[in-house]
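Return a 3D structure for these sequence lines:
(one chain, ligands or ions: 1)
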Amino acid sequence: MLSDLLAGSLEDAAARQSLRPLAEVEVEALARTPALDALAALAPTDRVKIIAEVKRASPSRGPLAEIADPAALATQYELGGASAISVLTEQRRFGGSLADLEAVRASVSIPVLRKDFIGEPYQVFEARAAGADLVLLIVAALDQPRLASLHELIRELGMTALVETHSADELARAIDIDARLVGVNARNLSTFELDPDLFGALADHIPAGVIRVAESAVKNADDVAHYRAAGADVVLVGEALVTGGDPRRTLADFLAV
Ligand SMILES: O=P(O)(O)OC[C@@H](O)[C@@H](O)c1c[nH]c2ccccc12
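The predicted model follows:
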């Protein structure tokens, strides 16, 4: 399943690249105002921080929400106290786009994450050209040399990688490339099963100085408290925010734990 998702994103990126060659996107990426400092925005404090996700659909859950105006939703997230915004840009299964990311970038002043299946430098340049400050790298989808080179490219462009893991082995690979922002995704991207205790099982293996992000499986404030108690600095929430009525209220509730 993960390889299908990666293959789809790469195919779509290749199609875009045939319309807009790498050199053009590179120039645009470099001409962008510098990326925001996501490591500073997500640095640990005595309160949990939240990355709030703009998510229309998912392969496991199908359509989640009609999001007519992603910029307006992101503004609600920012006003509600989110520390960063995640925007799904994968088109086929998640219904996202780079246009969503650009719209969000134009409407908020906190860091914005490109959430997609990244396997090629072209996608990283595209992310920067669209205004992303953060780019997701899924360890399970990349061999180590590619993980290392994409991580380095993200850094060279002034952005921050959120390096996503699902196991102790993947965590070791993230640490090996000196990732500063590491996520543990409760959702297994091959089976789509959720394990809300995976973060707690792996958190102790994340070295001091690395920002710890718990991803997925938050339905309510208790789930945020569960991740916080297990050592999460940051929690990434999608579904509960797009399906839960007033996102500002939901965020206030989650940030109060
Ligand atoms: O909707 P949830 O369960 O709150 O999950 C959000 C986020 O963690 C999830 O969208 C996600 C985490 N890693 C990913 C990788 C690709 C696509 C999606 C994801």
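
Packing partners of whichever strand or helix holds A14?
Element membership of A14, judged by DSSP states H and E, is helix 2-19. Here helix 2-19 touches helix 121-129, going by 3 or more C-beta pairs under 8 Å, 6 or more residues apart in numbering; DSSP states H and E. For glycine as for every other residue, the C-beta is placed from the backbone atoms N, C-alpha and C.

what separates the helix it packs on from the chain centre, distance-wise?
Relative to the chain's own centre, helix 121-129 is displaced by 15 Å; criterion: C-alpha atoms, centre = their mean, to the nearest Å.

likewise stretch 119-134?
13 Å.

And that stretch, end to end?
Its start and end residues considered, stretch 119-134 measures 15 Å (C-alpha to C-alpha, to the nearest Å).

Please identify the buried residues of that stretch?
Applying a neighbour-count criterion of 16 or more other C-beta atoms under 10 Å, the buried positions in stretch 119-134 are 119-134.

give me phi/psi at the residue of the chain found nearest the ligand?
Going by C-beta to the nearest ligand atom, the ligand is nearest to G238 of the chain, at 2.9 Å. The phi/psi pair for G238 (degrees, to the nearest 10) reads phi -110, psi -80.

ok, how many other residues are close to it?
The local packing of G238 (other C-beta atoms under 10 Å) involves 24 other residues.

list the contacts for it?
Contact analysis of G238 by C-beta atoms under 8 Å, 6 or more residues apart in numbering lists E53, K55, S58, L64, S86, L88, S216.

With adjacent residues omitted, what lies nearest to L153?
The shortest distance from L153 to any residue other than its chain neighbours is 5.2 Å, reached at V124 (C-beta to C-beta, 6 or more residues apart in numbering).

Might one say that that neighbour is in contact with D116?
No: V124 is beyond contact range of D116, at 10.2 Å (criterion: C-beta atoms under 8 Å).

Could you measure from the residue nearest to L153 over to V234?
22 Å (C-beta to C-beta, to the nearest Å).

Repeat that for R212.
According to C-beta to C-beta, R212 and V234 sit 7 Å apart.

With T75 instead?
T75 sits 20 Å away from V234, going by C-beta to C-beta.

what do you get for G8?
Remark: distance between G8 and V234 (C-beta to C-beta) = 28 Å.

One more: L181?
8 Å.

which neighbours do the two share?
With C-beta under 8 Å, 6+ apart, L181 and V234 have common neighbours L42, I211, V213.

near the ligand, which of the residues you listed show up?
Applying C-beta under 6 Å from any ligand atom to those, one finds that nothing falls near the ligand.

can the residues you listed go into a markdown table with extra columns for neighbour count, pLDDT and secondary structure?
What follows is the shared contacts of L181 and V234, written out as a markdown table (neighbours: other C-beta atoms under 10 Å; pLDDT from 0 to 100; DSSP: H, G, I helix; E, B strand; the rest coil):
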| residue | neighbour count | pLDDT | secondary structure |
| --- | --- | --- | --- |
| L42 | 25 | 98 | coil |
| I211 | 21 | 98 | strand |
| V213 | 26 | 98 | strand |
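
re earlier: between G8 and V234, which one's more packed in?
Per other C-beta under 10 Å, whichever of G8 and V234 has more neighbours is V234, with 24 against 15.

Who does that one form a beta bridge with?
Residues in a beta bridge with V234, per DSSP bridges, are K49, V213.

Mind pulling the model confidence for it?
With respect to pLDDT, V234 scores 98.

What residues does it make contact with?
Taking C-beta under 8 Å, 6+ apart as the test, what V234 contacts is L42, V48, K49, I50, I51, S83, I211, R212, V213, A214.

So which of those wins on neighbours?
A214 (30 neighbours).

Flag every residue of the stretch 101-250 of the chain that's near the ligand.
K115, E164, N185, E215, S216, A217, V218, L236, V237, G238, E239, A240.

Among the contacts of V234, which one lies nearest to V104?
Taking C-beta to C-beta as the measure, V104 sits nearest to I51 out of these, at 12.5 Å.
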